[in-house]
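Trainee: Sharing a model prediction with you, sequence too.
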Amino acid sequence: MDIETAANIGETVGGIAILFTLLFGLRQMKYWDENRRYEIGRNPAHHMNNPLIHRGFSVSTNKLHVNLTIQEMVALSREEKDAMNAMMIGMNDIGLLGKNGHLSLGLVEAFCGPYVRVFGIRWRRAVEVFTSASMFQNDKPIEAVWGGLYWLMDTFQPSSLSVEE
């Protein structure tokens with residue numbers, strides 16, 4: 001075998017090695033993307049499985065209504081306020097992940113859709129009351145602070161069968 005033939009064989013083997021490296025890299029990127037989506041998808045599941053969040057849903061059911069006043073909100077116990085805060089901030093986070101494409105709409109719907117359709121109108125009122133009472137100088141609109149929660153409420157509009165009082 002002469003030197004030119006050996007060089008051609010070496011170049012071919014090198015090209016094949018580069019091709020396999022590229023294919024392996026693509027496979028790793030696909031695996032990384034699937035793993036990232038799985039990890040992000042665990043966020044709503046983790047959020048919804050928290051007892052404090054369950055308490056927030058209970059408060060949404062029993063204490064919130066469309067004509068909520070600041071006096072009624074102030075009258076909530078510290079535990080109820082903490083539960084509502086945790087639930088609504090978590091829903092806001094999930095909404096931001098969905099709004100920005102990090103969570104699929106199907107996954108957001110599966111975890112949050114039913115709750116938003118039932119409680120969305122009550123949550124909207126609670127956010128309005130809370131924001132008007134707690135922000136002395138409101139430079140940003142409510143939607144800027146609660147963009148994820150508002151996105152959820154706008155995306156999953158309450159159905160005509162939802163409880164509104």
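Mentor: Happy to help now that I have it.
Trainee: Just want the most central residue of the protein.
Mentor: When the chain is reduced to its mean C-alpha position, the closest residue under CA atoms, centre = their mean turns out to be residue 94, at 1.4 Å.
Trainee: who touches that residue in this structure?
Mentor: 43-44, 47, 103, 108, 111-112, 148, 152 (CB atoms under 8 Å, 6 or more residues apart in numbering). All C-beta spots, glycine's among them, are computed from the backbone N, C-alpha and C.
Trainee: Among the residues you listed, which are located in helices?
Mentor: When the contacts of residue 94 are checked against helices (DSSP state H), the matches are 43-44, 47, 108, 111-112, 148, 152.
Trainee: Any chance of the residues you listed in a markdown table with pLDDT, distance to residue 63 and neighbour count as columns?
Mentor: Rendered in a markdown table, the data for the ones in helices among the contacts of residue 94 read as follows (pLDDT from 0 to 100; distance: CB to CB, whole Å; neighbours: other CB atoms under 10 Å):
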| residue | pLDDT | distance to residue 63 | neighbour count |
| --- | --- | --- | --- |
| 43 | 78 | 26 | 17 |
| 44 | 85 | 24 | 21 |
| 47 | 85 | 21 | 19 |
| 108 | 90 | 25 | 23 |
| 111 | 88 | 23 | 20 |
| 112 | 89 | 20 | 25 |
| 148 | 92 | 23 | 22 |
| 152 | 92 | 20 | 25 |
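Trainee: Closest one to residue 22 out of the residues you listed, please.
Mentor: Here the nearest of those to residue 22, counting by CB to CB, is residue 43; it sits at 32.5 Å.
Trainee: surely the closest one meets residue 91?
Mentor: No - counting by CB atoms under 8 Å, no contact exists between residue 43 and residue 91, whose distance comes to 11.4 Å.
Trainee: low-confidence ranges in this protein?
Mentor: 133-143, 158-165 (pLDDT under 70).
Trainee: Please, where are all the helices along this structure?
Mentor: The residue ranges that make up the helices of the chain, judged by DSSP H, are 3-48, 51-62, 70-74, 78-99, 105-134, 142-145, 147-155.
Trainee: Residue 60 touches residue 84, doesn't it?
Mentor: Yes - using CB under 8 Å as the test, residue 60 is close enough to residue 84 to be in contact (7.4 Å).
Trainee: Neighbour count: the two, which is higher?
Mentor: When residue 60 and residue 84 are compared on other CB atoms under 10 Å, the one with more neighbours turns out to be residue 84, at 25 against 21.
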